[in-house]
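> using only what follows, build the 3D model:
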Amino acid sequence: MRRVLTIMVILCFVFPVYSFGDDKFDKEMEEILIETSKKINSQLPMMVDPDTRLDATMCYKKQLHYKYTMVNYTIDELDIKNFHSEIEAMLTRNQCNNENMVKMLMVGIEYYYIYFDKNGILITTVNIDKRNCDL
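As a prediction, this is how the structure comes out:
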């Protein structure tokens, strides 16, 4: 997990400076996210805690998607509303309190965290963008 975070931190310092809506900026941003996704995926699957496995990342334009599996739970064993609420609060807190992640949010990067149960059934999806951090 530390390597994944290191990759994300490094990316915060390699973003070129362009104006928002600039096609060149968008294309370069997408290329950076594709490379980021490839680097992260080369280290996966990875257990991030005893219950959660990061299986894959994907990107589309200025979005980075993370696919997680809750390896010890079925959807029937979870209170989905509570799970979503807790995960969203944790992810928002982590993103908004990390200076490097805030920089990425400010240039328009969006994060999607997609959680599945141990049988591959979708539990919930959480989207984090700059609005979550009041930017």
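
> just checking, what packs against the helix or strand hosting E31?
Applying DSSP states H and E as the criterion places E31 in helix 23-41. For helix 23-41, the elements it packs on are helix 2-12, strand 52-60, strand 63-70, judged by 3 or more Cβ pairs under 8 Å, 6 or more residues apart in numbering; DSSP states H and E. Every residue, glycine included, has its C-beta placed from N, CA and C.

> show me the shaky parts of this protein.
For the chain, the stretches with pLDDT under 70 are 1-22.

> how about a cut-off of 90?
Flagging of the chain using pLDDT under 90 yields the residue ranges 1-33, 36, 60-61, 100-101, 103-104, 134-135.

> circling back to that earlier point, list the neighbouring strands of whichever helix or strand comes after the helix holding E31 plus their orientation.
Once the chain leaves helix 23-41, the next helix or strand it forms, by DSSP H and E, is strand 46-49. Partners of strand 46-49 in the sheet, by DSSP bridges, are strand 52-60 (antiparallel).

> residues contacting the one residue sitting closest to the centre of the chain?
Closest residue to the average C-alpha location of the chain: Y111 at 4.3 Å, with Cα atoms, centre = their mean. Counting by Cβ atoms under 8 Å, 6 or more residues apart in numbering, Y111 touches 63-66, 91, 95, 127-129.

> work out for me the element it sits within.
Here Y111 is assigned to strand 110-116, by DSSP H and E.

> angle of that strand against strand 63-70?
With axes from the mean of the first three to the mean of the last three Cα atoms, to 10 degrees defining the directions, strand 110-116 sits at 20 degrees from strand 63-70.
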